[in-house]
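Asker: Okay, sequence plus prediction incoming.
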Amino acid sequence: MEPRNSNQSEARLDELFRAYREACPDPDPGVNFMPAVWAKIEAREVSATWFSRVARALVTVALAACVILGLMASSRTASYRNVQFGQSNVYFNDTFVDAVQAEHTARLEPLHTERISYLEPQ
Amino acid sequence: MLVEFELIQKAQQGDAGAFNQIVTAYRRRILGTISRLIGRPEDVEDVSQEVFIRLYFSLGQLRTPEVFEPWLYRLTVNASYDYLRKGRRRMESRMADLSEQQVMMADAVAGARAQSDEGEKRRVKDTVHELLAAVSEEDRILLTLKEVEGLSLKELEKIYHVNENALKVRLFRARQRVLKKMQDVTGPSSPSAKHDEVG
């Protein structure tokens, strides 16, 4: 673009923008402008409140479910321990080897005593 | 400033009457700016209302009432940009319609309507919209704020939170694109040459 043409184009564009500004004056707002603004604000407040209520309810339900599931899990573990190992918690306090040994002893001891008692009359 | 700082502070504290006064003071200006930014008269009220709704919900975040006007312009720019981005396809189809309209106008040589003042305004609007379609939505808004709304670089700096030099570069590039488009559309004569040729 040559400098002269460039300047002319710049001037034409400025002129066009000025004409555009004049062709688009600030319009007058409609009579329902303010009522519509307030109606939309209220609608958003209602939807925001509803959403926050739903979110709060979901959080409460989730927390309650966590507590209930936690209680259920802990009670089941306790009863499982009682059934399997009496009041002893040897499997949880001792090492794996101790636990295996304890189980092995528990299995063998009755046989051993029976064997002794069976052999005694002979 | 069209309103007192105290009024803004009252509105921040939840005074509905104060908020009403702020809207009443600024609505005409905002309507005008938006009408020139988006170029669709039927949607101007909706977008303006969106600006004031955003104002209502974010007024509490405004720390200093002194920056209220740049801040309101920023909301206006964001709402207009959202509108233009959402309606990109619609705008494109509109531009296609516009070309058709111009062809029809060319056919109606020396039509009485085209000679009227309203016809001239319509042509200026159409031409500017067509030229601004050559740049992105962001640049279109920036260019309109600078060239049509007459905002200074300092004011734009406050609105965009970008330094003056970056704004100058962006404006220069946008303007160059528009100038190129103008040469394609109107040719190397005066802005009204196209219409003179038509007439």
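Answerer: Happy to help now that I have it.
Asker: who are the neighbours in contact with B:Asp117?
Answerer: Listed by CB atoms under 8 Å, 6 or more residues apart in numbering or on different chains, B:Asp117 has no contact partners. Bear in mind the C-beta positions are built from the backbone N, C-alpha and C, glycine included.
Asker: Can you get me a residue count around B:Gln176?
Answerer: For B:Gln176, the count of nearby residues is 13 (other CB atoms under 10 Å in any protein chain shown).
Asker: do the same with B:Lys168
Answerer: Summarising burial for B:Lys168: neighbours were counted as other CB under 10 Å, giving 13.
Asker: Contacts for stretch A:27-43 next, please.
Answerer: Stretch A:27-43 is contacted from outside by B:20, B:23-24, B:27-28, B:31-32, B:35, B:41, B:44-45, B:48-49, B:52-53, B:56-57, using CB under 8 Å, 6+ apart.
Asker: Just the CA trace of that stretch, in CSV.
Answerer: The C-alpha trace of stretch A:27-43 is given here as CSV (Å, rounded to 0.1, in the frame of the first residue of the first chain):
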residue,chain,number,x,y,z
PRO,A,27,-31.3,3.7,22.1
ASP,A,28,-34.0,4.3,24.8
PRO,A,29,-34.6,1.3,27.1
GLY,A,30,-38.0,-0.4,26.9
VAL,A,31,-40.6,0.1,29.7
ASN,A,32,-40.0,-3.4,30.9
PHE,A,33,-36.2,-3.0,31.2
MET,A,34,-36.0,-2.7,35.0
PRO,A,35,-38.8,-5.2,35.8
ALA,A,36,-37.1,-7.7,33.5
VAL,A,37,-33.7,-7.2,35.2
TRP,A,38,-35.2,-7.8,38.6
ALA,A,39,-37.2,-10.8,37.4
LYS,A,40,-34.0,-12.4,36.0
ILE,A,41,-32.1,-11.6,39.2
GLU,A,42,-34.8,-13.3,41.2
ALA,A,43,-34.9,-16.3,38.9
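Asker: Give the buried residues for that stretch.
Answerer: Buried positions in stretch A:27-43, judged by neighbour count with 16 or more other CB atoms under 10 Å in any protein chain shown: A:Pro29, A:Phe33, A:Met34, A:Ala36, A:Val37, A:Trp38, A:Lys40, A:Ile41.
Asker: Would you write a ChimeraX line that selects the buried entries of the contacts of stretch A:27-43?
Answerer: In ChimeraX, a selection of the buried entries from the contacts of stretch A:27-43 looks like this (16+ other CB under 10 Å):
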select /B:23,27,28,31,32,35,44,45,48,49,52,53,56
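Asker: In helices, which of the contacts of stretch A:27-43 appear?
Answerer: B:20, B:23-24, B:27-28, B:31-32, B:35, B:41, B:44-45, B:48-49, B:52-53, B:56-57 (DSSP state H).
Asker: so who does B:Arg177 touch?
Answerer: B:Arg177 neighbours (CB under 8 Å, 6+ apart): B:Ala134, B:Val135, B:Asp139.
Asker: between those, which is nearest B:Tyr73?
Answerer: Nearest to B:Tyr73, judged by CB to CB, of these is B:Asp139 at 16.5 Å.
Asker: follow-up on the earlier one: the buried residues of stretch A:27-43 into JSON lines, with extra columns for secondary structure?
Answerer: Formatted as JSON lines, the buried residues of stretch A:27-43 follow (DSSP: H, G, I helix; E, B strand; the rest coil):
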{"residue": "A:Pro29", "secondary structure": "coil"}
{"residue": "A:Phe33", "secondary structure": "helix"}
{"residue": "A:Met34", "secondary structure": "helix"}
{"residue": "A:Ala36", "secondary structure": "helix"}
{"residue": "A:Val37", "secondary structure": "helix"}
{"residue": "A:Trp38", "secondary structure": "helix"}
{"residue": "A:Lys40", "secondary structure": "helix"}
{"residue": "A:Ile41", "secondary structure": "helix"}
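Asker: So which residues of chain B form helices?
Answerer: Ranges of helices within chain B are B:5-12, B:16-38, B:41-58, B:68-86, B:88-107, B:112-115, B:117-132, B:137-143, B:153-160, B:164-186, B:193-198, based on DSSP H.
Asker: where among these is the average confidence lowest?
Answerer: Averaging pLDDT over each of those singles out helix B:193-198 as the lowest, with a mean of 42.
Asker: domains in chain B, as residue ranges please.
Answerer: B:5-85, B:88-198 (automatic domain parsing).
Asker: now chain A
Answerer: Structural domains assigned to chain A are A:39-86, A:88-122, following automatic domain parsing.
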